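Peer 1: after the sequence you'll find the predicted model.
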Amino acid sequence: MKAFEFASLVPECCAEVLEAMYFTTLLDSTLAEQPVGVSPDPLASIAFQLRFAGDVSGRFGICLDQATAFSLAANFLGESDNTISADEVAEVVGELANMLCGSVMSRVEGEHKFALSHPERSSSPRLPGADGTFVSRLDTDCGSIAIWIVVEEDACPR
Amino acid sequence: MAFNILIVDDSPAMRRVVRRVVDISGLDVGNFLEAGNGVEALVALRAEWVDLIMTDINMPDMDGEELLLAVRNDPVLAAIPVLVVSTDRSEGRARQMLLCGADGYVPKPFLPATLSREMYRLLGGAPDESI
């Protein structure tokens, strides 16, 4: 599977995850191949990434601004924005990355098992220096989320 | 009868969400116990009686599958129902966990009603259909 096909699954998976667990609606999405070294969103201040491995392997990242992250965290935890700590917001964004990547991988892998690493917070939202990095910008009623995907291997023998 | 529930997930945020779903489900809960991985879960299980284990799979130190096998191989713990709640929605993983002895499998993302229905199926009773 090519990176573009993989990345094109993101909006549908994101809509499902956001609606079920973040009570948030996906309003619009765009997908583009990103030049190496460019930040997907210069305003992004919270970024997480993880590795995925299965028939398709690579890296998955998420970037969003503080306001969007607080709104999503409030919805996820069922609490108001002003009662949530920055650490709790980070936990929720990490879990969002985990669920989104898991949802995409489940569609890709179908019957097969796959593995995800623990989401790790990135110090910078800057994209990895790799060709074939695709970025989805997802506009929701809580704000915008940028998701990047790098597919490192197209096929892995079982 | 109040049930003791053990929630096992390395994400504190996800443990809170699962606990909130249990709270609003109307289930009569005695104690909530929480663990961040299988090792912590086994410590909790040996310290207090638990009526239902709800566990993630992908966790550090001891994952959900290892925990499930440890529980099923322990004569004292073997009868406790185990509900797997995982990001892995693949059919292969779900089948494997059920073969290892899981009593149910709820993929994330889940609707509160789905998780609630599975809890009641394993513990008996009827869920609050309004959630």
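Peer 2: Thanks, I have the structure now. Numbers count the residues shown, from 1 in each chain, chains lettered A, B, ... in the order given.

Peer 1: so for stretch B:69-84, what gets flagged as buried?
Peer 2: Neighbour-count burial for stretch B:69-84, counted by 16 or more other C-beta atoms under 10 Å in any protein chain shown, picks out B:70, B:71, B:77, B:80, B:81, B:82, B:83, B:84. Where you see a C-beta, it was placed from the backbone N, CA and C, and this is true even at glycine.

Peer 1: residues from chain B in reach of chain A?
Peer 2: Contact residues, chain B versus chain A (C-beta under 8 Å from any C-beta of the partner chain): B:10-14, B:16-17, B:20, B:58, B:60, B:86-93, B:96, B:107-111.

Peer 1: which ones among these lie within helices?
Peer 2: B:12, B:13, B:14, B:16, B:17, B:20, B:91, B:92, B:93, B:96 (DSSP state H).

Peer 1: closest to chain A among these?
Peer 2: Nearest to chain A among these is residue B:13, at 4.0 Å by C-beta to the nearest C-beta.

Peer 1: now for that closest one: which residues touch it?
Peer 2: Counting by C-beta atoms under 8 Å, 6 or more residues apart in numbering or on different chains, residue B:13 touches A:73, A:76, A:77, A:88, A:91, A:92, A:94, A:95.

Peer 1: swap in 10 Å and give it another go.
Peer 2: A:73, A:76-77, A:84, A:87-96 (C-beta atoms under 10 Å, 6 or more residues apart in numbering or on different chains).

Peer 1: what segments of chain B are strands?
Peer 2: Along chain B, counting by DSSP state E, strands occupy B:3-8, B:29-35, B:52-55, B:82-86, B:104-107.

Peer 1: let me know how buried residue 93 is, in neighbour terms.
Peer 2: I went with chain A, as the question did not name one. Applying other C-beta atoms under 10 Å in any protein chain shown, we find 26 residues neighbouring residue A:93.

Peer 1: if you could check chain B rather than the one you did, that'd help
Peer 2: Residue B:93: 24 neighbours (other C-beta under 10 Å).

Peer 1: now do residue A:27
Peer 2: Residue A:27: 12 surrounding residues under other C-beta under 10 Å.

Peer 1: quick one: secondary structure of it?
Peer 2: Assigned with DSSP: H, G, I helix; E, B strand; the rest coil, residue A:27 falls in the strand class.

Peer 1: for it, which non-adjacent residue is closest in space?
Peer 2: residue A:139 (4.8 Å; C-beta to C-beta, 6 or more residues apart in numbering or on different chains).

Peer 1: and the one you found, which of the three is it?
Peer 2: Residue A:139 ends up strand, using three-state DSSP.

Peer 1: who does the residue nearest the centre of chain B bridge with?
Peer 2: Residue closest to the mean C-alpha point of chain B, counted by C-alpha atoms, centre = their mean, is residue B:54 at 0.6 Å. Bridge pairing for residue B:54 (DSSP bridges) gives the partners residue B:7, residue B:83.

Peer 1: my read is that it contacts residue B:68, right?
Peer 2: No - using C-beta atoms under 10 Å, residue B:54 makes no contact with residue B:68, being 11.7 Å away.

Peer 1: what do the two both touch?
Peer 2: With C-beta under 10 Å, 6+ apart as the test, residue B:54 and residue B:68 both reach B:82, B:84.

Peer 1: any figure for the gap between the closest residue in space to residue B:94 that isn't next to it in sequence and chain A?
Peer 2: Leaving aside its chain neighbours, residue B:94 sits nearest to residue B:105 (4.4 Å; criterion: C-beta to C-beta, 6+ apart). Per C-beta to the nearest C-beta, to the nearest Å, residue B:105 is found 12 Å from chain A.
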